[in-house]
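Trainee: I'll drop the sequence and a predicted model, then ask my questions.
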Amino acid sequence: MAPEAPAAEARPVQARAEAPRPLTRFIRWDVIVTALLIVVFAGGALGTSDFATSDNLAFALDDLSEIALIALPMTLLVVAAEVDLSVASVLGLCSALFGALWDAGWAIETIVPLLLVVGAVAGLVNGLLVTRLGLPSLAVTIGTLTLYRGLAYVVLGTKAVAQFPQNYADMATKTVPGTPIPYPFALFILLAIVTAIVLHATGLGRALFAIGAQEEAAFFAGIRVKRIKLLLFVVSGIVASFAGAVYTLRYGSARADNGLGLELAVIASVLLGGVDFDGGKGTLGGVVAGVLLIGLLRNLLMLRDVATEIQSIVTGLLLIVSVLTPRIAAKVRETRRHHRANPSASS
């Protein structure tokens, strides 16, 4: 009987094969997006004289407020392998309702809480269709996207309502004293901190990643999958309704078509930030970087007098790149692992 090779001789080989590479953490997708954000900001500051001014940065962040706010619950949904494409229509419905109620003499202090209830109901409808009937969220929210936008036109028609109180309009446009940060974006920063803690430092966050990675396994592990998903859709509706109020006051106009197409920018921001559309992967820091990258890039293109259509094309391309690049990288890594595990297969 031939003697076995000493175990001690095998260990160094195994250790060398499994040793972590120190550069790995620097080539994560969210780190790349953050680096790209820095490059875009530096390039804009050096190449466009008005880009880095306090007034322009305040305008860019204010213009990004609704997208940034809605991106927070959208991140949680996508991590859990779901999506809500109806958010822009909920925003438009609540904007139309805002205008109709203001036109009817209601006080804004009464209107805004009612809008939050409407948003919660809209999210609840989405969530029930997904969790109780087992329908795919992509199909459900494409349907409610059309439904809620149609309801917005039923509520307000094609007219616009304006002339809201200046003190409320100021809350949607003015900046925090001494900073270029508008109040809505300051609220986003606070909510982003809370969302990051929930996603990365609580049991609920771990449950979301588990659901996105393998829903059936998460269910058998005792996670209340349906209840959590239902809650996420409700929160998404509430935040979208609040964004509708912000949007209305910021532009000083309530219209049924407010926020049309905004869901594309929200989804692009989340996926560009490194959240996997199949669920189970992503960081909130990457999403914040993605939101800022799209917003600042759009602002830079506007300063360069680039047409709105071209800006939409750029957003669409970023969306495609953000979906394709991680998948291509994962495929390359898998191929390399396979070749290392089976060196004879590549010969």
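Mentor: Sure, I can see it.
Trainee: what about the helices in the stretch 201-347 of the chain?
Mentor: Secondary structure of the stretch 201-347 of the chain by DSSP state H, counting those that start in this stretch: the helices cover 203-213, 215-220, 225-251, 262-272, 284-303, 308-341.
Trainee: Just want the angle from the fifth one to helix 308-341.
Mentor: Put plainly, it is helix 284-303. Between the direction of helix 284-303 and that of helix 308-341, the angle (axes from the mean of the first three to the mean of the last three Cα atoms, to 10 degrees) works out to 140 degrees.
Trainee: quick one: low-confidence ranges for the protein?
Mentor: Judged against pLDDT under 70, the low-scoring parts of the chain cover residues 1-27, 344-347.
Trainee: Tell me which residue is most central in it.
Mentor: In the chain, the residue lying closest to the centroid (Cα atoms, centre = their mean) is residue 71, at 2.7 Å.
Trainee: hmm, back to that, and the helices of the stretch 201-347 of the chain, which is most packed in?
Mentor: Scoring these by mean neighbour count under mean count of other Cβ atoms under 10 Å gives helix 262-272 as the most buried, with a mean of 25. C-betas here are computed from N, CA, C, even on glycine.
Trainee: Taking their axis directions, it and helix 284-303 sit at what angle?
Mentor: With the same axes, to 10 degrees defining the directions, helix 262-272 sits at 130 degrees from helix 284-303.
Trainee: Check which helices and strands helix 262-272 sits against.
Mentor: helix 65-79, helix 87-103, helix 284-303, helix 308-341 (3 or more Cβ pairs under 8 Å, 6 or more residues apart in numbering; DSSP states H and E).
Trainee: Just put those in a markdown table and tack on distance to residue 113.
Mentor: Output for the helices and strands packed on helix 262-272, formatted as a markdown table (distance: least, Cβ to Cβ, whole Å):
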| stretch | distance to residue 113 |
| --- | --- |
| helix 65-79 | 17 |
| helix 87-103 | 11 |
| helix 284-303 | 27 |
| helix 308-341 | 33 |
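Trainee: For residue 165, which residues are in contact?
Mentor: Under the criterion of Cβ atoms under 8 Å, 6 or more residues apart in numbering, the neighbours of residue 165 are residue 108.
Trainee: cutoff 10 Å now
Mentor: For residue 165, the residues meeting the contact criterion (Cβ atoms under 10 Å, 6 or more residues apart in numbering) are 102, 107-108, 171, 249.
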